[in-house]
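Novice: just coords:
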């Protein structure tokens, strides 16, 4: 009887120990070290920039702040303006600004939107 109780206690402790040893799972779109997801510049980022950045007096057609992030200008302005670093994507200016919450001034982007920007850069910043 004594061995049965000790065995049950031992099994219980093993179950508790192994069930508490888990890796925190970060939901997709929120882990900068995870493999990059496919991101479409025209389908994912242009609408994001239009809604949050290309507003009057900010990054619009006559930008108060460079780069111009209107749909027709955004890609060339970002890529040719030195705002991305495809060698070390996390050092990209545009990623740093949105990651820190400094941009947009109306409030920080959702983590999944920040991740889209990083993933697009990590994928080589294609004009897709």
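Specialist: Happy to help now that I have it. All of these numbers come straight from a predicted model, not from anything done at the bench.
Novice: all strands of the protein, in order?
Specialist: Taking DSSP state E, the chain contains no strands at all.
Novice: Where does the prediction get shaky in it?
Specialist: 1-3, 6, 8, 10, 12-30 (pLDDT under 70).
Novice: tell me the centre residue of it?
Specialist: residue 115 (1.1 Å; CA atoms, centre = their mean).
Novice: and the gap between that one and residue 4?
Specialist: Separation of residue 115 from residue 4 (CB to CB, to the nearest Å): 52 Å. Any C-beta I mention is one placed from the backbone N, CA and C, and that applies to glycine too.
Novice: Equivalent analysis for residue 105, please.
Specialist: Residue 105 is 67 Å from residue 4, by CB to CB.
Novice: do the same with residue 64
Specialist: Taking CB to CB, one finds residue 64 at 77 Å from residue 4.
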